[in-house]
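A.B. asks: Sequence plus predicted model, see below.
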Amino acid sequence: MFDLLVSFLTNTGYYFIAQDFRYFVMILVGCVFLYLGIAKKYEPLLLVPIAFGIIVGNVPFFKGFGIGIYEDNSVFHYLYFGVTTGVYPSIVFLGLGAMTDFSSLLAQPKLMLLGAAAQMGVFFTLIGALFLGFVPKEAASIAIIGGADGPTSIFLTAKLAPHLIGPIAIAAYSYMALIPVIQPPIMRLLTTRKERLIKMEDLREVSRTERLVFPVLGVLLCCLLAPTALPLLGMLFFGNLMKECGVVERLAQTARNAVIDTATIFLGFCVGMSTQADVFLTPRSLMIFGLGALAFSLATASGVIFGKIMNLFLRHKINPLLGAAGVSAVPGSAREVHLMGQHEDPSNYLLMHAMACNSSGVIGSAIAAGVLWSFNMMG
């Protein structure tokens, strides 16, 4: 009887957590994320599922029962299949397309350049990761964090370096949630008050025909350039076409509500669970977090600096703050740009212009991921 009791106790999570403190550390991290998501309301739709997934994923257990996310035939392993194959990110892009209004982008196409410029952070970080000893496929997966797009980061990592999905996904979503902390100091540092006060010209009205043609033309132009971006951009533009055509409103409504919400729940929870301490807590994970912060900061800076460069050639100046919205974090970075403009001048409304840059950043980060995937496959 005593032996059975001892055997039971040595198979409990309490025993395993006492043997390896890393599980306790990760549970604390999950609790901190919950606090940020619930109390501070930092991107709660992302942080709450991820945070609870971290807590659940770090309840230690006896291997072989088919419980953990990395054990074959477990329930969580099957749910994780949607992450490792890129299914969840593609579904998120479908819903994102059904929610996105590209009118502001079509009204001022020049703002697409800011979305493209912000991707420079991706390629600068790629060089840094290679310098630190990561193999090309790992370096590409780390660099895409600079796009500030969680689904894109997960999609590319699943294809190139699936063993790094946990740290890369957590880094990407963490920096997306911390936009109000990371971006404002960079924007203030790189702009003068005079530049921050620049008011944008009113947007022209975009016709229904333009809005209908854009998703068809967009998928052809972008995916002929980077065919490997098809799983993301194909779904994004399909969702947008459903929104704009007006004849499948029920489908569009489902895509931007039930479908994207379901995918977000499973994506966030599974990403959180993938941070199992014995797999996640390694020196390489810390390096990834450092490089991810660098990538996001460089992407923000690249967009702002390119906005200043554009002003050297434009008669009607643009507010260089808009360059910070060139990253793909929708709508967080656009909102932050708008708030900074409002802080300098309450009558300065930058939100719609910033959304133009933001939506082009979504497209730009997917193309960047496609280019990185292509180069690695050819290599």
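C.D. replies: Thanks, I have the structure now. Numbering: from 1, shown residues only.
A.B. asks: Tell me which residues touch Leu322, please.
C.D. replies: Going by Cβ atoms under 8 Å, 6 or more residues apart in numbering, Leu322 touches 111, 114, 200, 303, 307, 337, 350, 353-354, 357. Quick note: C-beta positions are derived from backbone N, CA and C, even for glycine.
A.B. asks: Then Leu96?
C.D. replies: Contacts of Leu96 by Cβ under 8 Å, 6+ apart are 236, 239, 260, 330, 362.
A.B. asks: The helix or strand containing Gly128: how far from the chain's middle?
C.D. replies: Using DSSP states H and E, Gly128 maps to helix 120-131. The chain centre lies 17 Å from the centre of helix 120-131; the measure is Cα atoms, centre = their mean, to the nearest Å.
A.B. asks: May I see the buried residues of stretch 247-258?
C.D. replies: Of all the residues in stretch 247-258, those buried under the rule 16 or more other Cβ atoms under 10 Å are 252, 255-256.
A.B. asks: again, but for stretch 27-47
C.D. replies: The neighbour-count check on stretch 27-47 (16+ other Cβ under 10 Å) flags 27, 29-30, 33-34, 36-37, 42-44, 46-47 as buried.
A.B. asks: which residues touch that stretch?
C.D. replies: 48, 50-55, 58-59, 150, 173, 176-178, 180, 264, 268, 272, 275, 332.
A.B. asks: Buried ones from the residues you listed, can you make that a ChimeraX selection?
C.D. replies: Burial among those is assessed by 16+ other Cβ under 10 Å; the matching ChimeraX selection reads:
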select :48,50,51,52,53,54,55,58,150,173,176,177,178,264,268,272,275,332
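A.B. asks: Where do the strands of this protein begin and end?
C.D. replies: Remark: no strands are assigned in the chain by DSSP state E.
A.B. asks: Residue nearest the middle of the protein, spatially speaking?
C.D. replies: A centroid search over the chain (Cα atoms, centre = their mean) returns Asp149, at 1.9 Å, as the residue closest to the centre.
A.B. asks: nearest residue to that residue other than its sequence neighbours?
C.D. replies: Excluding the flanking residues, the one nearest Asp149 by Cβ to Cβ, 6 or more residues apart in numbering is Ser328, at 3.6 Å.
A.B. asks: Count the residues that sit near that neighbour.
C.D. replies: Look at Ser328: counted by other Cβ atoms under 10 Å, it has 33 neighbours.
A.B. asks: quick one, what contacts it?
C.D. replies: By Cβ under 8 Å, 6+ apart, Ser328 lies in contact with 147-149, 152, 358, 361-362, 364-365.
A.B. asks: Closest one of the residues you listed to Val122?
C.D. replies: Using Cβ to Cβ, Gly147 comes nearest to Val122 of the contacts of Ser328, at 5.8 Å.
A.B. asks: What's the local residue count around the closest residue to the closest one other than its chain neighbours?
C.D. replies: Sequence neighbours aside, Ser365 is the residue nearest to Gly147 in space, at 3.1 Å (criterion: Cβ to Cβ, 6+ apart). Residues near Ser365, counting by other Cβ under 10 Å, number 30.
A.B. asks: Could you shift the numbering so residue one becomes 16, and keep it that way?
C.D. replies: Done: numbering now begins at 16, and the last item shifts to Ser380.
A.B. asks: Is Ser380 in contact with Ala158, as I believe?
C.D. replies: No. Using Cβ atoms under 8 Å as the test, Ser380 is too far from Ala158 to be in contact (10.9 Å).
A.B. asks: anything in contact with each of the two?
C.D. replies: Jointly contacting Ser380 and Ala158 under the rule Cβ under 8 Å, 6+ apart are Val137.
A.B. asks: export the contacts of Leu337 to TSV and tack on distance to Leu336 and neighbour count?
C.D. replies: Below are the contacts of Leu337 laid out as TSV (distance: Cβ to Cβ, whole Å; neighbours: other Cβ atoms under 10 Å):
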residue	distance to Leu336	neighbour count
Leu126	12	26
Leu129	10	30
Met215	10	20
Gly318	9	34
Gly322	7	30
Val352	5	31
Leu365	7	26
His368	9	28
Ala369	8	31
Cys372	10	34
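A.B. asks: I am finished for the moment; much appreciated.
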